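> Next comes the sequence, and after it the predicted model I'd like to discuss.
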Amino acid sequence: MAPHALIDGVERRSIDHVPATERHGKAWHQGPFWLTGGFMLPSLLVGFLGPSMGLGLGWSLTAVISGMAFGTVFMALHANQGPRLGLPQMIQSRAQFGSRGAIFPLAMAVFIYVGYNVFQMVLAGDALSMFLPGRKIWYVVLAVLAVVIAVVGHDLLHTVQRYFSYVTMAVFAVVTVAAVLHYPLGHVAPVATGFSGAAFLAQFAAAGGYQISYSIYVSDYSRYLPEDVPDGKLIGWTFLGGFTGAAWLGSLGAIFASYVPAPDALRQLHTVGDTVFPGFGAVAVLATLPALIGTSGVNAYGAMLSATTVMDGLRRVTPTLRLRVAGVLVTGTTGLVITLVMPADYMHSFSTFIAVMCYLLVPWTAVNLVDFYVVRRGHYSIADITDPHGRYGHWAWRGLTAYFGGFLAMVPFVTLSFYVGPVTKALGGADLAFVVGLLVSGLLYHFLARTGQDGSVPAARRREHAGMS
C-alpha cells in the first residue's frame, strides 16, 4: 500500500499468507483499532454484573479494571503472531490441533463472531429506535453497512476503526465526567454498597473472559504489518487500545448499575447526556453507533476467515476474492436473520453468551500461546499451515487433549443460568473456571509437547523455521 493511502482498493487475500511485498502499517495503528473494538455497548453491559450482585462501586470498578487488564494481556500476546506468520489468527490453530482438529475451535470462533454481531445489531437498533421508527429496518441498514466495510476488507476496517475511535472518545469523555458528577459526586443514593468474594470474582471473570474473547481476532488485523515490527511496541499498543476502550466503558457501566436498579444502558446514556445540556443525551446514544457498525464489520470479516478455513480443512479451496466476498455475505446475512428473531430480553442472553464464550475460548488461547511462545518460539512452516494435508496433519492429539482436558477441568467451576458447578457452589458462587482452564490446558500442552517426535513439537523446530515463507 502506498504510504499516503488509507486503503488500497478491495482486499484480495483471505486465509492465504501475506507476502513481504504487501506488508504495511505501523504498530501504533493497533491502538485505536482495538480501542474502538472495546469502546462499545457490550463492554458497558459487562460492568453491570458486579453491582447487580450487590457489589459496591469501588469493588466493582476494581474487579472490572483488573479483570479487563488480566484478559487483555492474553489478547495482546496474540498480536505478535500476525506479522511473524502473515496469517489470520484462527488458521494458526492447525499447528496445534491439525487441519481437521482445528475445525472445532474454528466453528467456535464463527459462533462467537456471529453471536457478537447479533447483540451489537440489537443494541444499535435499540439506539436508533429511540429517535426513529422501524427498528427491524435499521437492523437491515446497519448489517448492510457492516458487510460493505468487511467486503472492502482489512485496510478499510483499520481506517474506520481508527477514525471512529477519535469521535467516540471525545463524546464519552464528556459523558463520563457527567456520570461521575451526577452519581458518585451527586446526591443519588447507591443501590449497591456491599462486598462479597463471589460477586467480586464473578465480575472479574466476566471482564477477563470478555477480553480474552478478542484473542480470536487479533492476528487478522496485525498480519499485514512488516515482519520486523518490534514485539514490545506491537503488544503494548494492542494492550493499550484493547484495555482502555473496554475498561473505560465497563467502568461507566459499573457506575450506572451502582446507582440505578436494573439499568438500561441506552436510557442511562441518554439521561446522563442530558445533564450536560438538553439534547446531548441523543448525541451520546447515537455516538455508540460508529463503534457498533465498525466492529460488526470486523466480526463479519473474522467469521468469513474462520468459515473459509473450516471449508479448506474439509476440502481444499482456492482463497479467491469471490470466495471472500461470498463468505462475508453469508456470515453477515446469518447474523442479520438471527438478529431479526432475537428475543427482547437480550441482557440475560448476553450474560450467558459471555460465560459460554469464556469457557470455550480459555483452553484454546492457552494452547495457542504456549505453542507460539514456549514450544515453537515462533518457528512454523507457513506452507504446511496453509496446506490441510501438510506436516501438521489432520488431527494433532496433543493440542486436542490439552484443550479438552482444560475444558473438562473447568466444568466443576462454571457458572451458567442452567448449571452451576459443585466447586463454585461450595465457594459461594465464586467463578474460578477461567483460571483453571488457562493453567490446565497450558501446562498439559507444554508437558505433552515435550514428549513428541513429530511435526507438532519442538523436535521439528529447525525444519519448520526452514519452511517459513
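It's in. Numbers count the residues shown, from 1 in each chain.
> Look at the closest residue to residue 86 other than its chain neighbours and tell me its secondary structure.
Spatial nearest neighbour of residue 86, chain neighbours left out: residue 18 (4.2 Å); criterion: C-beta to C-beta, 6 or more residues apart in numbering. For glycine as for every other residue, the C-beta is placed from the backbone atoms N, C-alpha and C. What DSSP: H, G, I helix; E, B strand; the rest coil gives for residue 18 is coil.
> How about the contacts made by residue 18?
Applying C-beta atoms under 8 Å, 6 or more residues apart in numbering, one finds that residue 18 lies in contact with 86, 87, 223, 224.
> Please report how far it lies from residue 382.
With distances taken as C-beta to C-beta, to the nearest Å, residue 18 is found 10 Å from residue 382.
> quick one on the thing from earlier: scan the contacts of residue 18 and report the most crowded one.
residue 87 (26 neighbours; other C-beta atoms under 10 Å).
> Next up, the contacts around that one.
By C-beta under 8 Å, 6+ apart, the contact set of residue 87 is 15, 17, 18, 81, 219, 223, 382, 385, 386.
> Pass me the low-pLDDT residue ranges in the stretch 201-350 of the chain, would you?
Scanning the stretch 201-350 of the chain for pLDDT under 70 picks out the ranges 343-348.
> Could you do the stretch 1-150 of the chain as well?
Residue ranges of the stretch 1-150 of the chain with pLDDT under 70: 1-8.
> ranges for the helices of it?
For the stretch 1-150 of the chain, applying DSSP state H, counting those that start in this stretch gives helices covering 30-38, 41-46, 49-52, 57-77, 81-85, 94-97, 103-129, 135-152.
> which residue sits closest to the most centrally placed residue in the chain, ignoring its sequence neighbours?
Taking C-alpha atoms, centre = their mean, the centroid of the chain lies closest to residue 214, which sits 2.1 Å from it. Distance criterion C-beta to C-beta, 6+ apart; nearest residue to residue 214, sequence neighbours excluded, is residue 75 at 4.5 Å.
> number of nearby residues for that neighbour?
For residue 75, using other C-beta under 10 Å, the count is 28.
> re the thing from before, now the contacts of residue 18 in CSV, with distance to residue 269?
Output for the contacts of residue 18, formatted as CSV (distance: C-beta to C-beta, whole Å):
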residue, distance to residue 269
86, 40
87, 39
223, 35
224, 35
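> Tell me which two in those residues are the farthest apart.
87 and 224 (10.9 Å; C-beta to C-beta).
> and the closest residue to residue 200 other than its chain neighbours, how many residues sit next to it?
Of all residues not flanking residue 200 in the chain, residue 63 sits nearest, at 5.1 Å (C-beta to C-beta, 6+ apart). Counted with other C-beta under 10 Å, residues neighbouring residue 63 total 26.
> and the helices of the stretch 1-150 of the chain, which is most packed in?
Per residue and on average, the most neighbours among those fall to helix 94-97, with a mean of 30 (mean count of other C-beta atoms under 10 Å).
> How about residues contacting that helix?
By C-beta under 8 Å, 6+ apart, helix 94-97 touches 102, 104-105, 313, 367-368, 371, 376, 380, 385, 388, 390, 392, 395-396, 398-400, 403, 445, 456.
> mind listing what the residue nearest to residue 200 touches?
50, 55, 200, 201, 203, 204, 207.
> out of the residues you listed, who has the most neighbours?
Result: residue 50 is most packed of the contacts of residue 63 (other C-beta under 10 Å), 34 neighbours.
> Just send the contacts of residue 87 back as CSV, with distance to residue 175 too.
Converted to CSV, those look like this (distance: C-beta to C-beta, whole Å):
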residue, distance to residue 175
15, 40
17, 43
18, 38
81, 35
219, 33
223, 34
382, 45
385, 44
386, 45
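> Can you tell me which of those residues is closest to residue 325?
Looking across the contacts of residue 87 and measuring by C-beta to C-beta, the closest to residue 325 is residue 15, at 14.0 Å.
> number of nearby residues for that closest one?
Residue 15: 23 surrounding residues under other C-beta under 10 Å.
> Could you give the secondary structure assignment for the residue of the chain most remote from its centre?
Distance to the chain centre peaks in the chain at residue 187, reaching 36.9 Å (criterion: C-alpha atoms, centre = their mean). Put simply, residue 187 is coil when judged by three-state DSSP.
> which residues touch it?
By C-beta under 8 Å, 6+ apart, the contact set of residue 187 is empty.
> Give me the phi and psi angles of it.
Note on residue 187: backbone dihedrals following degrees, to the nearest 10 are phi -110, psi 30.
> what's the answer for residue 420, then?
Residue 420 adopts backbone torsions of phi -130, psi 130, taken as degrees, to the nearest 10.
> Repeat that for residue 156.
Main-chain dihedrals, residue 156, degrees, to the nearest 10: phi -70, psi -40.
> Surely it and residue 149 touch.
Yes. At 5.7 Å, residue 156 and residue 149 qualify as touching, with contact defined as C-beta atoms under 8 Å.
> Which residue ranges of the stretch 351-469 of the chain form helices?
Secondary structure of the stretch 351-469 of the chain by DSSP H, counting those that start in this stretch: the helices cover 382-386, 397-410, 422-426, 433-450, 461-466.
> Let's have the ones you listed in JSON lines, adding mean pLDDT, mean neighbour count and distance to residue 195.
JSON lines is the format used below for these (pLDDT from 0 to 100; neighbours: other C-beta atoms under 10 Å; distance: least, C-beta to C-beta, whole Å):
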{"stretch": "helix 382-386", "mean pLDDT": "91", "mean neighbour count": "20", "distance to residue 195": "48"}
{"stretch": "helix 397-410", "mean pLDDT": "94", "mean neighbour count": "21", "distance to residue 195": "26"}
{"stretch": "helix 422-426", "mean pLDDT": "87", "mean neighbour count": "14", "distance to residue 195": "18"}
{"stretch": "helix 433-450", "mean pLDDT": "92", "mean neighbour count": "21", "distance to residue 195": "20"}
{"stretch": "helix 461-466", "mean pLDDT": "42", "mean neighbour count": "14", "distance to residue 195": "49"}
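> closest one to residue 169 among the ones you listed?
When these are compared by C-beta to C-beta, helix 433-450 sits nearest residue 169, at 29.0 Å.
> ok, and what's touching that closest one?
Here helix 433-450 makes contact (C-beta under 8 Å, 6+ apart) with 74, 96, 205, 208-209, 212, 358-359, 362-367, 369-371, 374-375, 398-399, 401-403, 405-407, 409-410, 413-415, 421, 424, 456-458.
> please redo it, this time with the cut-off set to 7 Å
Under the criterion C-beta atoms under 7 Å, 6 or more residues apart in numbering, residues 205, 208-209, 358-359, 362-363, 366-367, 370-371, 374-375, 398-399, 401-403, 405-407, 409-410, 413-414, 457-458 lie in contact with helix 433-450.
> about what we covered before: out of the helices of the stretch 1-150 of the chain, which gets nearest to residue 268?
Closest of those to residue 268 is helix 41-46, at 8.7 Å (criterion: C-beta to C-beta).
> on that earlier part again, how much space between the residue nearest to residue 86 and residue 84?
Relative to residue 84, and taking C-beta to C-beta, residue 18 is found at 11 Å.
> In JSON lines: the helices of the stretch 1-150 of the chain, plus distance to residue 10.
Below are these laid out as JSON lines (distance: least, C-beta to C-beta, whole Å):
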{"stretch": "helix 30-38", "distance to residue 10": "19"}
{"stretch": "helix 41-46", "distance to residue 10": "29"}
{"stretch": "helix 49-52", "distance to residue 10": "41"}
{"stretch": "helix 57-77", "distance to residue 10": "28"}
{"stretch": "helix 81-85", "distance to residue 10": "20"}
{"stretch": "helix 94-97", "distance to residue 10": "27"}
{"stretch": "helix 103-129", "distance to residue 10": "21"}
{"stretch": "helix 135-152", "distance to residue 10": "5"}
